[in-house]
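Trainee: predicted model and sequence follow; I will ask about them next.
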Amino acid sequence: MSGHSKWSQIKRQKGVTDAKRGQVFTRLGREIAVAARDGADPTANSRLRLAIQRARDANMPMDTVERAIKRGSGHGEGAEYHEMSYEGYGPGGVAVLVEVLTDNRNRTAAEVRSAFSKSGGNLGESGSVRWLFDPKGVLTLDLDRRDPDEVAMQAIDAGADDFELMDSGIEIYTEPGRVEEVRSTLEANGIPVLSSETSMIPKTAVELDEKTAEQAMRLIDRLEELDDVQQVHSNFDVSDEVAASLSA
């Protein structure tokens, strides 16, 4: 799982992950609206509960959240979004999985294809890289001067499967359906949870040198800048030395 964390750390340190607040709220609003199709009551809709929690973690105004719920449940105006994914390969042969919510499939397909071609990658067939990833719940914790090993053990006791230390905290991995349970237990024990989400974690990683890693990150940045893209997953990894260079 180191590829996921190294990439996450690099992007946080460079300050480019979700840099545009408006874009974050737009993506969260779409996620909430789509989740609300299965019911506007979060107590009976686990996907909607998780989407609302992500919105709270991002300090999204509750009136914006409520509008998104109304839109998704058919009580408000707005475009109808379709869930889709694109799979392909980036520089160095790394796998790239792109999840989108779009109201115009042709536009999104063209934009995603262009991002791949401009960055030395290429789109693949459906199923070409998805098998390289496992769906997981991912929780980012604030150590807040706590002993990392102790926090990790508490997370495991709460139901987590694995963990990974980061420069400024710790990432916890769970089964997708246990995210809320693990989060509630950790918070009840006084451990701050900075964020929680479901994600696609690579089963194996491809280590890249500095030049190729820069090219791979350029592809991911281009994809994340697209309005219709919700999440981008990749299986690239880098050494500690390369990670330090890319973070500079």
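Mentor: On my side now, so go ahead. Numbers count the residues shown, from 1 in each chain.
Trainee: drop to CA atoms for contacts and neighbour counts, all remaining ones
Mentor: OK.
Trainee: just for the chain, where's the confidence low?
Mentor: Within the chain, the stretches with pLDDT under 70 are 1-22, 76-79, 167-168, 246-248.
Trainee: what residue spans form the domains of the protein?
Mentor: Listed by automatic domain parsing, the domain ranges of the chain are 81-131+205-240, 133-202.
Trainee: what distance separates the start and the end of the first one?
Mentor: With Cα to Cα, to the nearest Å as the measure, the ends of domain 81-131+205-240 fall 40 Å from one another.
Trainee: how about the contacts made by the closest residue to residue 99 other than its chain neighbours?
Mentor: Distances taken as Cα to Cα, 6 or more residues apart in numbering place residue 85 nearest to residue 99, at 4.4 Å, with adjacent residues excluded. Residue 85 makes contacts with 97, 98, 99, 100, as judged by Cα atoms under 8 Å, 6 or more residues apart in numbering.
Trainee: for residue 72, same thing?
Mentor: By Cα under 8 Å, 6+ apart, the residues touching residue 72 are 32, 33, 34, 35, 36, 37, 40.
Trainee: just the closest of those residues to residue 166, please.
Mentor: Within the contacts of residue 72, the smallest distance to residue 166 is 29.0 Å, found for residue 32 (Cα to Cα).
Trainee: and residue 98, what are its bridge partners?
Mentor: With beta bridges defined as DSSP bridges, residue 98 has these partners: residue 86, residue 232.
Trainee: that one: neighbour count?
Mentor: Applying other Cα atoms under 10 Å, we find 20 residues neighbouring residue 98.
Trainee: could you do the one 4 residues further on as well?
Mentor: For residue 102, the tally of surrounding residues (other Cα under 10 Å) stands at 21.
Trainee: that one and residue 112 touch, don't they?
Mentor: No. Residue 102 lies out of contact with residue 112 (Cα atoms under 8 Å); the separation is 11.8 Å.
Trainee: is it possible to get CSV of the domains of the chain that adds distance to residue 69?
Mentor: Written out in CSV, the entries for the domains of the chain read as follows (distance: least, Cα to Cα, whole Å):
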stretch, distance to residue 69
domain 81-131+205-240, 13
domain 133-202, 18
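Trainee: to residue 51, which of these lies closest?
Mentor: Minimum separation from residue 51 across those (Cα to Cα) falls at domain 133-202, 8.1 Å.
Trainee: and the closest one, end to end?
Mentor: Taking Cα to Cα, the span from the opening residue of domain 133-202 to its closing residue is 4 Å.
Trainee: likewise for stretch 133-149?
Mentor: The stretch stretch 133-149 measures 27 Å between its terminal residues, going by Cα to Cα.
Trainee: which of the residues in it are buried?
Mentor: By neighbour count, with 16 or more other Cα atoms under 10 Å as the criterion, the buried positions of stretch 133-149 are 133, 136, 137, 138, 139, 140, 141, 142, 143, 148.
Trainee: show me the helices in this protein, by range?
Mentor: Counting by DSSP state H, residue ranges of the helices within the chain are 2-14, 21-35, 46-57, 62-72, 105-118, 148-158, 179-188, 210-224, 240-247.
Trainee: go ahead and produce PDB holding the CA coordinates of the second one.
Mentor: Which is helix 21-35. Only the C-alpha atoms of helix 21-35 are listed here, as PDB (Å, rounded to 0.1, in the frame of the first residue of the first chain):
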ATOM      1  CA  ARG A  21     -11.900  24.700  -2.700                       C
ATOM      2  CA  GLY A  22     -14.700  25.300  -5.200                       C
ATOM      3  CA  GLN A  23     -13.700  22.200  -7.200                       C
ATOM      4  CA  VAL A  24     -13.800  20.200  -4.000                       C
ATOM      5  CA  PHE A  25     -17.300  21.300  -3.100                       C
ATOM      6  CA  THR A  26     -18.500  20.600  -6.700                       C
ATOM      7  CA  ARG A  27     -17.200  17.100  -6.500                       C
ATOM      8  CA  LEU A  28     -18.600  16.500  -3.100                       C
ATOM      9  CA  GLY A  29     -22.000  17.900  -4.200                       C
ATOM     10  CA  ARG A  30     -22.100  15.500  -7.100                       C
ATOM     11  CA  GLU A  31     -21.100  12.600  -4.900                       C
ATOM     12  CA  ILE A  32     -23.900  13.500  -2.400                       C
ATOM     13  CA  ALA A  33     -26.500  13.900  -5.200                       C
ATOM     14  CA  VAL A  34     -25.700  10.500  -6.800                       C
ATOM     15  CA  ALA A  35     -25.700   8.800  -3.400                       C
END
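Trainee: many thanks, have a good one.
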